[in-house]
Structures are given as structure tokens and as C-alpha cells.
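# no FASTA, just this:
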């Protein structure tokens, strides 16, 4: 079992920045690929970013590429999502998730992830 707890959400004006954090406990954190997903009101949950076990590989949804950065600290069992140049359309509940293993496009799918946090609300005002 892996327990995930997100933090860092809040209300920010368009163009601003937020840094989300996800703290993991339980099984060996470095053994999991970590992802961030988000769900806007009335929409399905969607992939945002993923980072490999070591942190050496990262992938992003086209909608956030160049604005968001995912990182991890295996010594501290944490994963972060730095969000810059925020837009109103980034408003959503953001979730971190842990996958024991995935490759290619499968890493962009919810089904690849076994463990999920409770989510943190991000609201971007125009």
C-alpha cells in the first residue's frame, strides 16, 4: 500500500504560479512511477504529467508543456508539480498517483496507477 497526500493548492490569478506537493508513505516510493492528473468541473479526469522512477524522464500533456514541471525527491518521498503561467482553464482538482510500472501511452491512463491521493483544488481567476 502507498498513501498519497497532496498539498499546495489554492486560489491564484491568471499568470501566477503554484507548487503542488505530494507526500508518499508506505511502500518504497522510488519503486513507483508518479503522475499528476486533474479533473475540472463537469469533465473527466485527465493526465497532466508523469515522472520516471529515478526522475530522469518526464512527460507532459500538451496543454501544460512549457508551463508545468514535475519533479521528485526519492529521499523525501515527495513529488512536486511546479505550475507557472497559470490559466483559468487550469482550474481543477489535482491528484497525484503512483504506478508500479508503465510504459509509453499507458502511463497517460488512469488505469496504470494503483494509488491515488485525495486531491487538492487549484483555482485560477481571470
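Great, that's in hand. All of these numbers come straight from a predicted model, not from anything done at the bench.
# quick one, what contacts the residue positioned nearest the centre of the chain?
Using CA atoms, centre = their mean, the residue of the chain that lies closest to the mean C-alpha position is residue 36, 2.0 Å off. Counting by CB atoms under 8 Å, 6 or more residues apart in numbering, residue 36 touches 20, 22, 48-50, 70, 79, 81, 94-97. From N, CA and C alone the C-beta is placed, and that goes for glycine too.
# one more time with 7 Å
48-49, 70, 81, 94, 96 (CB atoms under 7 Å, 6 or more residues apart in numbering).
# swap in residue 100?
Shown in contact with residue 100 (CB under 7 Å, 6+ apart): 31-32, 114.
# I'd like the distance between the nearest residue to residue 26 once chain neighbours are set aside and residue 46.
Computed as CB to CB, 6 or more residues apart in numbering, the closest residue to residue 26 that is not its neighbour in sequence is residue 2, at 4.3 Å. With distances taken as CB to CB, to the nearest Å, residue 2 is found 22 Å from residue 46.
# what does residue 95 give?
10 Å.
# More neighbours: these two, which one.
residue 95 (23 against 14; other CB atoms under 10 Å).
# ok, and that one, which helix or strand is that part of?
strand 92-99 (DSSP states H and E).
# so how far is the next helix or strand after that strand from its chain's centroid?
For strand 92-99, the following helix or strand on the C-terminal side (DSSP H and E) is strand 115-116. How far strand 115-116 lies from its chain's middle: 11 Å, per CA atoms, centre = their mean, to the nearest Å.
# could you say what helices and strands strand 115-116 packs with?
strand 2-7, strand 92-99 (3 or more CB pairs under 7 Å, 6 or more residues apart in numbering; DSSP states H and E).
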